[in-house]
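Provide a 3D model corresponding to the input given below.
(one chain, ligands or ions: 1)
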Amino acid sequence: MARTQQKRRTRYGGRIHFEEANARPCEKAGCLELGEFRAPKSRDGADGYHLFCLEHVREYNKSYNYFADMPEEEAASFQHSAAYGHRQTWPMGHRTATMRADASFTDPFGFADERAERQAAKEAEKQRQRRQYTPEQRDAFRTLDIDPTDDLHALKRHYKQLVKRFHPDANGGDRRAEDRLKNINQAFSVLNAGLS
Ligand SMILES: [Zn+2]
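You can find the predicted model right below:
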């Protein structure tokens, strides 16, 4: 997806050439590494950039709020995580817009990618939970002779075919077909109620 590529570009976009860095040292006091990565001094980058080594640009970037456009509870749970000591959060909106627009902004932690991964994991979990059908639903799927599915449209199509096939008119008033149709109707209404 284009969105993902954009994020990856952003992630590595902050690395600058040695010539551009003019072989300046990392600005972290006492650090002897080259300042190969730049990080904006202010939120809008108008005050220029710090130059840091990878380790220290990471440290510096930790102070920014990467989660401004996350759903609130997601951001909150992440920020409460003891693993990351975010020192500072910025107001919503402006900072994020600037980051996205500024391809030179560094994201060496790959938080943008991490976020996409978390989102995907959440979706997968939702799907998994949906597949945990009740015994009654499992019986209903068996009665309809179809693999369990959340696809209500497919289910309806399948149901309509069964109705046609087992309708008494199509079976010369066969009593067994009528019973079968009753069970099919019952099973479908169970699934229709549970899955919609
Ligand atoms: Zn450094």
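
part of a helix, is Gly194?
Yes. Using DSSP: H, G, I helix; E, B strand; the rest coil, the assignment for Gly194 is a helix.

residues near it, how many?
12 (other CB atoms under 10 Å). Backbone N, C-alpha and C define where each C-beta goes, glycine included.

Go ahead and confirm it touches Arg138.
No. Applying CB atoms under 8 Å, one finds Gly194 not in contact with Arg138, separated by 11.0 Å.

Could you list the domains of the chain?
2-115, 135-195 (automatic domain parsing).

Report the mean confidence score over the longest one.
Translated: domain 2-115. Averaged over domain 2-115, pLDDT sits at 59.

Check the shortest one too.
In this model, domain 135-195 has an average pLDDT of 88.

What are the boundaries of the strands in this protein?
Remark: strands assigned in the chain by DSSP state E are 37-40, 49-52.

near the ion, which residues of this protein show up?
Residues of the chain lying near the ion by CB under 5 Å from the ion: 26, 28, 31, 33, 53, 56.

Enumerate every residue touching the nearest residue to the fourth one once chain neighbours are set aside.
On the basis of CB to CB, 6 or more residues apart in numbering, the spatially nearest residue to Glu33 that is not a chain neighbour turns out to be Cys53, at 3.3 Å. The contact partners of Cys53, taken as CB atoms under 8 Å, 6 or more residues apart in numbering, are 26, 28, 31, 33-37.
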